[in-house]
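Engineer: Sequence unavailable; structure follows:
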């Protein structure tokens, strides 16, 4: 694919960050689905042991990472950038 030289670099960077988050989220959902299916299968095969709900731990841990990634891409970054921009404008005056 040929790079587009007429694109807006700020929009391109924002689109790149959002695409990165979406890929992170898709990978998270895929791996979590696999882990839960594996857990259910192992539980079905070995009915005598109660190994608890161990998939909750990676789901919550990685889920926190996905949530923070979401905030950094869609929420925090824009707010912090706006604040810093306003500070710089005040200093300039």
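Structural biologist: Looks like it arrived, so ask away. Keep in mind that this is a model prediction, so the values were computed, not measured. Numbering: from 1, shown residues only.
Engineer: Could you check how far the residue lying closest to residue 51 once chain neighbours are set aside is from residue 62?
Structural biologist: Of all residues not flanking residue 51 in the chain, residue 43 sits nearest, at 7.2 Å (CB to CB, 6 or more residues apart in numbering). Quick note: C-beta positions are derived from backbone N, CA and C, even for glycine. The gap separating residue 43 from residue 62 is 21 Å, by CB to CB, to the nearest Å.
Engineer: For those two, indicate the residue with more neighbours.
Structural biologist: Taking neighbours as other CB atoms under 10 Å, residue 43 and residue 62 compare with residue 62 leading, 16 against 13.
Engineer: residues in contact with the more buried one?
Structural biologist: Residue 62 makes contact with 28, 31-32, according to CB atoms under 8 Å, 6 or more residues apart in numbering.
Engineer: Which residue lies nearest the spatial centre of this protein?
Structural biologist: Nearest to the mean C-alpha position of the chain, by CA atoms, centre = their mean, lies residue 66 at 3.3 Å.
Engineer: Off-centre distance for stretch 7-17?
Structural biologist: Offset of stretch 7-17 from its chain centre (CA atoms, centre = their mean, to the nearest Å): 18 Å.
Engineer: avg pLDDT for that stretch?
Structural biologist: Average pLDDT, stretch 7-17: 84.
Engineer: what's the closest non-adjacent residue to the residue nearest to the centre of the chain?
Structural biologist: residue 28 (5.1 Å).
Engineer: And that neighbour, its phi and psi?
Structural biologist: Backbone torsions of residue 28, given as degrees, to the nearest 10, read phi -60, psi -50.
Engineer: how much space between it and residue 76?
Structural biologist: From residue 28 over to residue 76 the distance is 19 Å, taken as CB to CB.
Engineer: helix or strand right after the strand or helix carrying residue 12?
Structural biologist: Per DSSP states H and E: residue 12 is located in helix 9-45. Using DSSP H and E, the helix or strand that follows helix 9-45 in sequence is helix 56-71.
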